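Enquirer: this is the structure alone, sequence omitted:
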DNA sequence: AGTTAAACGAGACGGTACGTCAGGTCTTCAT
DNA sequence: ATGAAGACCTGACGTACCGTCTCGTTTAACT
């Protein structure tokens, strides 16, 4: 890191994001303040405001520095299994500190900060969603899913219940819950066909 | 309401909630303050704090005073149609001012206020969900849905995508979107049946 | 003081002014800050801003609380002696801490704060000057001074050199310097009359 | 100045002082900042700090660059007239922008900046005073003034009222006021000699 | 009907944080 | 190697609300 062009700047940026995550974990998002981050880092407030326009923007960057947005997931040919792998990973991220609670608070903040909402979508939600959409598209192209399936809608149906649990009922997310969602979606909600029970799990 | 025992109290309560909604609409949740509500109402701050413990609690009450939680929906025998009716109503509420934007901000606030989250669930989310669950249960009991369908899960799958759109992508909710969700869920995501044996893959 | 109408308010006012003077003495006017006064008093900044619009206004009040503007000086019939008494008192005030240095700084501040300059004149300079003018008027009315003497001008000629020393050359003020000024003014600057050398110090 | 050894330096120095005066006139001393001067000049702050230790020092230099301290005044033999000439010139300088208001603010700053006060005395006040003292000395040596007249004191008595008006009452200086001061001092403040006995109280 | 306790408006108060500004020191880069 | 550009820490600014706390003043419930 000695050859970094803007040595001083990059150092400060990292230190500030580190302090933000520390403080966020220690005292929670609500009590997190730019003032506090500045004090913890030994930075001037201006140094923070020069880089981020708000507490939310700072935290978003800090969180994303934790979660290097990762490579694409492998395609094993089994849609349901591959989606499960993806969603497990997402749930693991969202369920555990420090990412989980702070991310949740950030989504909260985004509800009354349009700019933050846009950034959050662009930098986290959409990239995540794209992976799911890509896997669904592959499956559809291979005839495993209905050819006129709306991929974005399918993604929303997969993700929605998880965010519902995270943001609304605020019960902990678990792999088991993911399994139940996937099972329900691939099994269908209609009455089980009596005959050929083999079809009862057509695509899972 | 003229016969209310604590006349003065109830009057003030209503006036304060009214001012809260007005201000909330005018300047948005973020800039809404108890100080401001007090000034607008001509009430002392104490009078507000005596009734509500926080901005969120005040707004929750104020919003609920708008939406008298309504009676149960009729059961026409057609699950999909009845659910559509229910969800249309919910979407109409969440999509339009003043309820929509303020409710959205309130859900945001709930992300870093456990008490508020609990109250929100108890007073709005759960009652709403219960109606959906009740209708699903009726359908299941009549054999229209799989007998081992997890009703809460089904409700989450129906609601999740809507909240996802409201809170995450923040695109406007529409009846058309509801239709697409219902269609997808009831039609299934699997490949379309080639022959008349279409029912062989009923909902996957 | 138990019967003071606005007990709480008056207490705070006094405590803040006391802290202002203490801090002013300890660290000097330049480093004096409203922030610091608030911290020292244990008061909120708002409590100070509610009463005073600026550091200068606060210090002016604080200084004047030290110098209860005092009663009129006696008229012994001897103008020069009476003026000396008055001016000695003024010089004693301006020469000694805590009043002197802080007052001097305040006059400095008044150079780029018109409001403060006006307040300073109204509350300190003019009252002081009025006493001198009053004594001069009495002398003039008794024929001890030229009947067409411009009293304000005379006052300025008496006061000017003292402020010149205080503000410009910044050498310490002394009774001896006052004596020299009075002697010079009452003796005149013209050449001594050769005869009747008894007149050489007629009124000093 | 083209032959100055450090050409670039001198250019920058002049540009900075020019910008200082411009800004000082435009926004006043209180709002004048080294930051602002740097921005206006297109200079780095360091370039300014390398030359001047404070805002006051910079302004002092800038002002003196306006008022090349001038040659000695002629001696016409008439003390009063010559002093009037000198003082008119001083008053003209102090009464008019840009010098006047900025100089006044500078004297203000000097009240809480000992270094500046010293520099101000050395570079402006004393040179000015010396001219007055020199003229008075010549008059005294020629027997026009009392042989034991304290020259510095006399200078202070002449200058004091003017600075009093400039700094304390903050009324505009005028030639007419100068005339009145000189008249009062040279005429004396005692009662007009009607009869010969008038001299019995020559200057009281 | 008079008394009295509460609810009330008003807003002072100590706090915390805001976002801004300038000070004075420092590093980096271009000329 | 001088100077512009500006990052950096520091400290104070003046503002906004928070939630708590007196104040008197209604108001209406209970003697």
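Expert: Perfect, I can see it now. Source: prediction; values computed, not measured.
Enquirer: give me the contact list for stretch A:40-50.
Expert: A:12, A:15, A:16, A:19, A:22, A:23, A:34, A:35, A:37, A:38, A:58 (Cβ atoms under 8 Å, 6 or more residues apart in numbering or on different chains). In this view, the C-beta of every residue, glycine as well, is placed from N, C-alpha and C.
Enquirer: list the residues that contact residue A:176.
Expert: So residue A:176 contacts nothing (Cβ under 8 Å, 6+ apart).
Enquirer: can you tell me the SS state at it?
Expert: Here residue A:176 is recorded as helix under DSSP: H, G, I helix; E, B strand; the rest coil.
Enquirer: in chain A, which ranges drop under the pLDDT threshold?
Expert: Within chain A, the stretches with pLDDT under 70 are A:1-8, A:69-71, A:187-204.
Enquirer: now the helices for it?
Expert: A:7-27, A:34-41, A:45-51, A:55-66, A:79-95, A:99-110, A:114-120, A:126-141, A:151-163, A:175-187 (DSSP state H).
Enquirer: the ones you listed: which one's closest to residue C:137?
Expert: Nearest of the helices of chain A to residue C:137, taken as Cβ to Cβ: helix A:45-51 at 59.1 Å.
Enquirer: please see if the closest one touches DNA strand F.
Expert: Yes: judged by Cβ under 7 Å from any atom of the strand, helix A:45-51 and DNA strand F are in contact via A:45, A:46, A:47, A:50.
Enquirer: before we move on, back to that, adding distance to residue B:159, write the helices of chain A out as CSV.
Expert: Shown next, in CSV, are the helices of chain A (distance: least, Cβ to Cβ, whole Å):
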stretch, distance to residue B:159
helix A:7-27, 29
helix A:34-41, 36
helix A:45-51, 38
helix A:55-66, 26
helix A:79-95, 18
helix A:99-110, 17
helix A:114-120, 20
helix A:126-141, 19
helix A:151-163, 8
helix A:175-187, 13
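Enquirer: how about residue A:78, phi and psi?
Expert: For residue A:78, the backbone dihedrals are phi -100, psi 100 (criterion: degrees, to the nearest 10).
Enquirer: do you know how far whichever residue of chain A sits closest to chain D is from chain C?
Expert: In chain A, no residue comes nearer to chain D than residue A:46, which is 12.6 Å away by Cβ to the nearest Cβ. Distance check for residue A:46 against chain C: by Cβ to the nearest Cβ, to the nearest Å, it reads 18 Å.
Enquirer: do residue A:122 as well
Expert: Noted for residue A:122: a distance of 40 Å to chain C, by Cβ to the nearest Cβ.
Enquirer: what about that residue, neighbour count?
Expert: 10 (other Cβ atoms under 10 Å in any protein chain shown).
Enquirer: so who does residue A:159 touch?
Expert: With Cβ under 8 Å, 6+ apart, residue A:159 has these contacts: A:129, A:132, B:160, B:161, B:164, B:168.
Enquirer: neighbour-wise, which one of these leads?
Expert: residue B:161 (27 neighbours).
Enquirer: so that one touches residue A:156, yeah?
Expert: Yes: counting by Cβ atoms under 8 Å, residue A:156 is a contact partner of residue B:161 at 4.3 Å.
Enquirer: what's the nearest residue to residue A:123 if we skip its chain neighbours?
Expert: residue A:64 (6.0 Å; Cβ to Cβ, 6 or more residues apart in numbering or on different chains).
Enquirer: count the neighbours of the one you found for me.
Expert: 18.
Enquirer: check residue A:10 too.
Expert: 12.
Enquirer: okay, now the residue nearest to residue A:15 when sequence neighbours are not counted: neighbour count?
Expert: In space, and not counting its chain neighbours, residue A:15 is closest to residue A:41: 5.2 Å by Cβ to Cβ, 6+ apart. A count of nearby residues for residue A:41, using other Cβ under 10 Å, gives 20.
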